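>>> Provide a 3D model corresponding to the input given below.
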Amino acid sequence: MVTPLRHALSEPSLVTSASTASMPICRICHMPSEERAELISPCRCAGTMQYIHTACLMHWIEVSSRRAKRPPCCELCQYQYQRHKRFRVGRWLVPAVSTRDKLLHALFVITAIVMVTCAVITIFCFKQDSGKRRLAYDEAELTSNETVTLVCGILFFASFFVGMYCEIKAKYSIYQLVTRVFYLNQQWFIEEYDRSKDDKFRCSPTGGSPV
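Have a look, this model is predicted:
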């Protein structure tokens, strides 16, 4: 009486273990597909080496790219991974900036606004004086437009030098911070292997391996 019962209890476990063994797993972490980590097939490898998690593959590419300066490819079949970038839409990652750099960059933005304002006012004054030629060239007094233009010119160059000083004294310039933001918010995506895009098989008219 005990043996049939034990046999009946052991059957589901055997079926479960068999189904688990037949599931595709990642060739790096040896874990099956999950909701947040789906398996992909990015190269020519087949069988138990066919599938891999995107996160595992990206980590491997990051580590291996430090040693080799060539495009990332599979270490087994030597297929070059087809990858592309996407810019993160929500929840941007922003680099850490010190309080001192924030103040310097804020002052730089203020000087940039002053420079643009002075340039616009100067252009406006030149347009007003374009149709009014002074008849008395020996007149020593400046017109109101000429005075405003002179003041704007002084403010423009003063703001320029102050802004450059702020950027030089900052640890990271605004250009470096913007570049860093784009770098942090770029995500690499690996495409699934497509035999039709593989040069090894595309050169053969029958679709097989080239002779």
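
>>> Determine the longest helix present in this structure.
For the chain, the helix reaching the highest residue count under DSSP state H is reported as helix 99-129.

>>> quick one: average pLDDT of that helix?
On average, the pLDDT along helix 99-129 is 91.

>>> That one: which residues count as buried?
Residues of helix 99-129 classed as buried by neighbour count (16 or more other C-beta atoms under 10 Å): Asp101, Leu104, His105, Leu107, Phe108, Thr111, Val114, Met115, Cys118, Ile121, Thr122, Cys125. (Glycine included, C-beta is placed from N, CA and C.)

>>> Show the subsequent helix or strand relative to it.
helix 144-169 (DSSP states H and E).

>>> buried ones in that next one?
For helix 144-169, burial by neighbour count (16+ other C-beta under 10 Å) applies to Asn145, Val148, Thr149, Cys152, Leu155, Phe156, Ser159, Val162, Gly163, Cys166, Glu167.

>>> just checking, what packs against that helix?
Applying 3 or more C-beta pairs under 8 Å, 6 or more residues apart in numbering; DSSP states H and E, we find helix 144-169 packed against helix 99-129.

>>> and the helix it packs on, how far from the chain's centre?
Centre-to-centre, helix 99-129 and its host chain are 30 Å apart (C-alpha atoms, centre = their mean, to the nearest Å).

>>> and what of stretch 29-36?
Counting by C-alpha atoms, centre = their mean, stretch 29-36 comes out at 26 Å from the chain centroid.
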